[in-house]
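>>> no sequence on this one, just coordinates:
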């Protein structure tokens, strides 16, 4: 079920109050949110792994080709300008925590499905035909009724 930001927040709060588990997927620009209640997780076109909870069968066959990855990062001078700007704003006290990132086109000789099944990550998601993502970090957790979100991406050792 796809929702705009406000609808998603409302639905997540409602489901949270009822203690109903759900999977949520929010795009990078926070314009689109998918909410999938736990009873429907095996009926979606999304494959996921959250710790040991998964909705797919494990494939134990090794990858039988060399991985070739070509990345096309922005020019260093462009990154340096953005970095210098961030440092200036941090020195002014306008931020104390920052994650400077840029889109980086890549070319890879693997399919998204191969990337998903052969990545070793605590958390991973495959939106069939669109993208795959994975992370070693726990972003949201609930302990003793307290919801917390940490650490910031890239702040722990992989």
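The structure has been received and is ready for your questions. Note that the structure is predicted; figures quoted are calculated from it, not measured.

>>> Enumerate every residue touching the residue minimising distance to the centre of the chain.
The chain has residue 133 as the residue nearest its centroid, 5.5 Å off, counting by C-alpha atoms, centre = their mean. Going by C-beta atoms under 8 Å, 6 or more residues apart in numbering, residue 133 touches 124-125. Backbone N, C-alpha and C define where each C-beta goes, glycine included.

>>> quick one: buried residues of the host helix or strand of it?
Assigned by DSSP states H and E, residue 133 falls within strand 131-135. Buried residues in strand 131-135, counting neighbours by 16 or more other C-beta atoms under 10 Å, are found at residue 132.

>>> Give the partner strands of that strand in its sheet and their orientations.
strand 123-127 (antiparallel) (DSSP bridges).

>>> mind listing what's buried in the strand it pairs with?
Here strand 123-127 shows 124-127 as buried, counting by 16+ other C-beta under 10 Å.

>>> Stretch 111-124 now?
In stretch 111-124, counting by 16+ other C-beta under 10 Å, buried: 114-117, 124.

>>> Now do the end-to-end distance for that stretch.
15 Å (C-alpha to C-alpha, to the nearest Å).
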